[in-house]
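Asks: Just need the structure, nothing else, for what follows:
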Amino acid sequence: EVQLQASGGGLVQAGGSLRLSCVASGLSFDDYAIGWFRQVPGKAREAVACIDKEGSTYYDDSVKGRFTISRDNAKNTVALQMNSLKPEDTAVYYCNARAKMSVWTYDYWGQGTLVTVSS
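Replies: As a prediction, this is how the structure comes out:
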């Protein structure tokens, strides 16, 4: 059974930092791109950052220069370091693992972790 366990959310003041962690099990971690998404009530889930299996990264413009995604394949873990947090970063954050193998796309989601940034 594939599991993605997200943790690290919490309440922080604007300008502060949080570090989210996503630990994966039940899959060949090295083969997967891992992404962080966020969602607020009434809005669609949006991509925040992702890192592919080679270590290349992508960031949404809203978080560039403030968030850093990294992976540790030995520990099956992806971290999202979030600095200079803003109230608009408040959301439930989800990690996602995705891989395309042959004609199949494998796509897994973890449970969310709530990030609240107070002004």
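Asks: Going by C-alpha atoms from here, please, whenever you check contacts or count neighbours.
Replies: Noted.
Asks: where's the spatially most central residue of the chain relative to residue 44, distance?
Replies: Most central residue of the chain, judged by C-alpha distance to the mean C-alpha position with C-alpha atoms, centre = their mean, is residue 36 at 2.2 Å. In this structure, residue 36 and residue 44 are separated by 14 Å, where distance is defined by C-alpha to C-alpha, to the nearest Å.
Asks: ditto for residue 9
Replies: Shown here: residue 9 relative to residue 44, a distance of 20 Å by C-alpha to C-alpha.
Asks: Neighbour count for these two, which is higher?
Replies: Neighbour comparison, residue 9 and residue 44: the larger count goes to residue 9, with 18 against 9 (by other C-alpha atoms under 10 Å).
Asks: list the contacts for the residue nearest to the centre of the chain?
Replies: When contacts are counted by C-alpha atoms under 8 Å, 6 or more residues apart in numbering, residue 36 touches 47-50, 80, 93-96.
Asks: Which ones among those residues lie within strands?
Replies: Secondary structure assignment (DSSP state E) places 47-50, 80, 93-96 from the contacts of residue 36 within strands.
Asks: So which of these is the closest to residue 26?
Replies: Closest approach between these and residue 26, by C-alpha to C-alpha: residue 96, at 13.7 Å.
Asks: Mind pulling up the pLDDT for that closest one?
Replies: On the pLDDT scale, residue 96 is placed at 97.
Asks: beta partners for it?
Replies: With DSSP bridges as the criterion, the beta-bridge partners of residue 96 are residue 35, residue 109.
Asks: Start at 58, not 1
Replies: Yep, numbering from 58; the last one is residue 153 now.
Asks: Am I right that it is in contact with residue 91?
Replies: Yes: proximity of residue 153 to residue 91 meets the contact threshold set by C-alpha atoms under 8 Å, at 5.5 Å.
Asks: the more surrounded of those two?
Replies: Remark: of residue 153 and residue 91, residue 91 carries more neighbours, 30 against 21, as counted by other C-alpha under 10 Å.
Asks: Perfect, that will be all.
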